[in-house]
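Chemist: Whatever this is, show me its structure:
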Amino acid sequence: MISSALLGGGIGPARWVLNAQVAGVYSRMDPDVHLTELAAAYGLDGPGVGMLTAASVSRTVRRDDGGVRVSATVGLRVPTWAAAPEGAADPELAPIGLDEARPRTPGTVNIVVAVPVPLSDAALVNAVITVTEAKTQALLEAGYPCTGTASDAVCVAATATGGAAEPFAGPRSEWGARIARAVHAAVHAGALDYTAVLDGR
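Modeler: A predicted model of the protein is given here:
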């Protein structure tokens with residue numbers, strides 16, 4: 001797997017992925033320890049990847065494409081551009097209650113991708129880029145002018161068996177294109193669902 005997660009991030013073997021829901025105002029300063037505790041509570045052992053989200057995991061969106069499986073939790077309380085002016089205030093860090101006009105709904109986009117073929121280390125890195133590009137495309141098309149949120153996480157899991165590792169996972173490679181379509185479909189649907197929740201539908 002390759003992941004930006006708090007627990008098990010980086011590149012390496014892993015047996016499980018946990019996307020755990022926490023309160024919208026999360027105050028623990030040891031999220032890796034918290035995730036280790038949660039994994040143990042669920043009987044998950046060995047190396048794994050753990051992510052946290054305040055978005056509702058019961059609203060996880062799943063999409064498949066050509067053997068690639070994607071799940072995404074989508075919360076967009078504070079849509080964010082990746083490149084912001086230096087010194088610009090970050091609304092994600094504003095105290096809850098400071099701006100009563102802002103909806104108090106969770107905000108983060110966590111994406112888990114399962115690929116049924118081995119990927120080289122370079123292809124794993126390329127897959128993360130593909131996931132991020134497809135996520136951003138989906139958010140823009142769903143009406144959110146942003147690249148995501150400041151707390152987004154991703155995990156791409158590829159099988160460790162099945163022949164030679166695929167060298168490419170860009171959006172025009174065979175497996176990268178499948179990753180891109182599945183991520184786009186999941187995030188787009190999740191963003192529309194998030195909007196519907198805000199609108200009370």
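
Chemist: Check what pLDDT A142 gets.
Modeler: At A142, the model reports a pLDDT of 97.

Chemist: Pull the contacting residues for it.
Modeler: 187-188, 191-192, 195 (CB atoms under 8 Å, 6 or more residues apart in numbering). No exception for glycine: its C-beta is placed from N, CA and C like everyone else's.

Chemist: Let me see the ranges of the helices in this structure.
Modeler: 31-41, 121-141, 174-198 (DSSP state H).

Chemist: Just send those helices back as TSV, with mean neighbour count and distance to A165 too.
Modeler: Shown next, in TSV, are those (neighbours: other CB atoms under 10 Å; distance: least, CB to CB, whole Å):
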stretch	mean neighbour count	distance to A165
helix 31-41	15	27
helix 121-141	20	7
helix 174-198	21	11
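
Chemist: how far away is A84 from E141?
Modeler: 22 Å (CB to CB, to the nearest Å).

Chemist: and V74, how many neighbours does it have?
Modeler: 34 (other CB atoms under 10 Å).

Chemist: Nearest the geometric middle of this structure, what residue?
Modeler: N110 (2.1 Å; CA atoms, centre = their mean).

Chemist: Quick check: bridge partners of that residue?
Modeler: With DSSP bridges applied, N110 shows beta-bridge pairing to T73, A153.

Chemist: Which of the helices of the chain sits closest to T60?
Modeler: T60 lies closest, by CB to CB, to one member of the helices of the chain: helix 174-198, at 8.1 Å.

Chemist: where does the chain have low pLDDT?
Modeler: 90-106, 201 (pLDDT under 70).

Chemist: Settle this for me: the residue nearest to the centre of the chain is touching V61, isn't it.
Modeler: No. In terms of CB atoms under 8 Å, N110 does not count as a neighbour of V61; the distance is 11.1 Å.

Chemist: where do the contact lists of those two overlap?
Modeler: By CB under 8 Å, 6+ apart, the residues touching both N110 and V61 are 72-73.

Chemist: quick one: S151 and L44, what's the gap?
Modeler: Distance from S151 to L44, by CB to CB: 22 Å.

Chemist: Please identify which of the two sits among more neighbours.
Modeler: Comparing S151 with L44 by other CB under 10 Å, the one with more neighbours is S151, at 20 against 17.

Chemist: which residue sits closest to that one, ignoring its sequence neighbours?
Modeler: Nearest residue to S151, sequence neighbours excluded (CB to CB, 6 or more residues apart in numbering): T108, at 4.5 Å.

Chemist: Could you report the neighbour count for that neighbour?
Modeler: 23.

Chemist: I'd like to know how far it sits from A5.
Modeler: Counting by CB to CB, the gap from T108 to A5 is 12 Å.

Chemist: hey, what's in contact with both of these two?
Modeler: With CB under 8 Å, 6+ apart, T108 and A5 have common neighbours A153.

Chemist: hang on, isn't G170 packed against I129?
Modeler: Yes. With contact defined as CB under 8 Å, G170 reaches I129; the gap is 7.4 Å.

Chemist: Mutual contacts of these two, please.
Modeler: The contact lists of G170 and I129 share no entry, where a contact means CB under 8 Å, 6+ apart.
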